[in-house]
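A.B. asks: Sharing a sequence plus its predicted fold:
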Amino acid sequence: MSTTASPRTRRHGTPSPLRARIGRQVAERLDNNPAAKKAKVSGAQIYYIPGYLSDRDCDMLMTKMDEGSRRSTLLSDSSDPDFRTSDSCDLDRWSPDIHAIDERLSMLLGIPAENGETIQGQRYSPGQQFRAHHDFFHESQSYWEAMKAQGGQRTWTAMIYLNDVEEGGSTWFPQAGIRVKPERGLLLIWNNMALDGSPNENTLHEGVSVTKGTKYIVTKWFREGAWIR
Ligand SMILES: O=C(O)CCC(=O)C(=O)O
Ligand SMILES: [Fe+2]
C-alpha cells in the first residue's frame with residue numbers, strides 16, 4: 001500500500017508530531033492483530049474487521065437508535081440541504097452495553113477511551129445519504145477554536161455496520177479508491193491524518209444513498225487529546 005501523502009493534504013491543517021505518533025502506534029497495533037485486515041488503497045490507512053460486533057450487540061444498538069434518533073446535523077454550513085439527510089442518535093456512553101463497546105474499541109486501537117467522542121448512531125432510509133466529506137476538522141473554519149479546546153483534531157474513525165442493506169448505502173472513498181458494502185457486524189477503521197499528522201485529503205468519503213432497505217451504522221471519532229475531562 002502506498003503511504004505517501006499528497007501535497008494537497010496540507011490544505012486543511014498543519015503537520016503534527018503527536019498525531020503522526022498516534023497514526024503510527026495505532027497502525028502498528030492493527031498490523032499485529034490477526035483479525036484486522038489492511039485495505040489495499042492509495043495514500044490512506046484503512047483497516048477492517050468482519051464480524052467485529054455480535055448480532056446481539058447490533059440488535060441492541062439498532063433498537064436504541066430507533067428509540068432515540070433525531071435529524072443529523074453538520075458542523076459547517078452547507079448550501080446543499082441534502083448533504084446529510086440521515087437520522088442520528090448519541091448513544092449513552094455510561095450505559096453498560098455501550099460502555100463495553102467503547103472499551104473494546106479503545107483497546108483495539110490503543111487510544112484512551114476519554115479521547116473518543118460519544119458513539120453516534122446513524123440511520124438512513126431510502127434516498128438518505130451523507131455526501132462526500134472529511135471527518136477531520138478544517139482548521140481554517142470558525143468552529144476549529146472550539147474543537148481545539150475539546151480534544152483537538154479527529155484522528156481515527158471507527159465505524160460499524162449494524163445490518164446488511166438491501167441496495168445502496170456503501171461507504172465510498174473516491175480518492176483512496178475503495179467502496180465498502182454494508183455488512184452486519186463489520187468494523188471499518190481509518191486514520192483521518194496523513195503520516196506527518198496533517199489532515200489527509202485522501203480520506204474524503206461518502207455514505208452513498210440507500211436505495212432499498214434501511215442502513216444502520218455507528219461511528220466513533222477519536223480525538224488527538226482528551227475529549228472528556
Ligand atoms: O454512512 C456512511 O457510510 C459514512 C458515515 C460517515 O461518514 C461518518 O459517520 O462520518
Ligand atoms: Fe464520515
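C.D. replies: Looks like it arrived, so ask away. Ligands and ions are numbered 1, 2, ... in the order given.
A.B. asks: Please make it C-alpha for all contacts and neighbour counts, starting now.
C.D. replies: OK.
A.B. asks: Next, see if stretch 47-65 gets close to ligand 1.
C.D. replies: No - in terms of Cα under 6 Å from any ligand atom, no part of stretch 47-65 sits within range of ligand 1; the closest distance is 13.4 Å.
A.B. asks: Need the residues that contact that stretch.
C.D. replies: Stretch 47-65 is contacted by residues 30, 35-39, 88-89, 91, 121-123, 160, 162-163, 183-190, 216 when judged by Cα atoms under 8 Å, 6 or more residues apart in numbering.
A.B. asks: So which bits of stretch 108-125 are buried?
C.D. replies: By neighbour count with 16 or more other Cα atoms under 10 Å, stretch 108-125 contains the buried residues 109, 111-125.
A.B. asks: Among these, which are located in strands?
C.D. replies: 120-124 (DSSP state E).
A.B. asks: Can I get the residues you listed in a markdown table including pLDDT and distance to W156?
C.D. replies: Output for those, formatted as a markdown table (pLDDT from 0 to 100; distance: Cα to Cα, whole Å):
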| residue | pLDDT | distance to W156 |
| --- | --- | --- |
| Q120 | 94 | 14 |
| G121 | 95 | 17 |
| Q122 | 95 | 18 |
| R123 | 95 | 21 |
| Y124 | 96 | 23 |
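A.B. asks: Serialize those to TSV and add fields for distance to I228.
C.D. replies: Shown next, in TSV, are those (distance: Cα to Cα, whole Å):
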residue	distance to I228
Q120	15
G121	19
Q122	22
R123	25
Y124	28
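A.B. asks: can you tell me which of these are up against ligand 1?
C.D. replies: Restricting those to those near ligand 1 - Cα under 6 Å from any ligand atom - leaves none.
A.B. asks: Alright, calling it a day.
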